[in-house]
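>>> this one's sequence-less:
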């Protein structure tokens with residue numbers, strides 16, 4: 001029998017980008033653009049990617065890790081202010097086992113040279129998955145991938 005538990009945690013990631021906030025925001029707003037950076041790490045292969053980027057819209061990304069474990073990101077958008085913020089709630093699953101529920105707020109701030117991205121995640125981590133630092137690390141890797149995708153788009 002699974003030992004039931006909940007662990008609540010919050011983290012904030014601040015990133016400066018050399019790209020204008022309109023371009024950074026655009027990288028979040030379409031399935032095609034987001035597919036260039038919102039993906040698992042080494043060995044991860046996408047199986048499904050759907051994005052309905054509007055208030056009330058849903059996003060789902062399913063992929064298989066190199067180990068064979070299937071991850072599923074299932075989100076619903078609550079607020080979208082173009083070029084300023086995105087607020088969504090998402091559930092994460094590993095092999096159909098729920099591991100967390102999170103509220104994510106993405107803020108896009110203008111800077112003299114480029115923009116600042118502020119990612120705030122408030123989550124509840126379920127049962128045996130209590131690794132908020134691992135989620136924060138993974139989100140940092142996604143922000144690295146976002147910056148790399150933006151760089152590739154201008155080359």
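Okay, I see it. The structure displayed is predicted, hence computed values, not measured ones. Numbers count the residues shown, from 1 in each chain.
>>> name the element residue 56 belongs to?
Counting by DSSP states H and E, no helix or strand carries residue 56.
>>> Could you look up the SS state of the residue nearest to it when sequence neighbours are not counted?
In space, residue 56 comes closest to residue 77 once its chain neighbours are excluded; the distance is 6.7 Å by C-beta to C-beta, 6 or more residues apart in numbering. All C-beta spots, glycine's among them, are computed from the backbone N, C-alpha and C. Assigned with DSSP: H, G, I helix; E, B strand; the rest coil, residue 77 falls in the strand class.
>>> Do I have it right that residue 77 meets residue 28?
No. Using C-beta atoms under 8 Å, residue 77 makes no contact with residue 28, being 10.3 Å away.
>>> what is in contact with those two at once?
Residues within reach of residue 77 and of residue 28 at once, by C-beta atoms under 8 Å, 6 or more residues apart in numbering, are 53, 86.
>>> ok, longest strand in this structure?
strand 97-110 (DSSP state E).
>>> Quickly run through the sheet partners of whichever helix or strand comes after that strand, with directions.
For strand 97-110, the following helix or strand on the C-terminal side (DSSP H and E) is strand 115-126. Applying DSSP bridges, strand 115-126 is found paired with strand 6-17 (antiparallel), strand 97-110 (antiparallel).
>>> With that, I have no additional questions.
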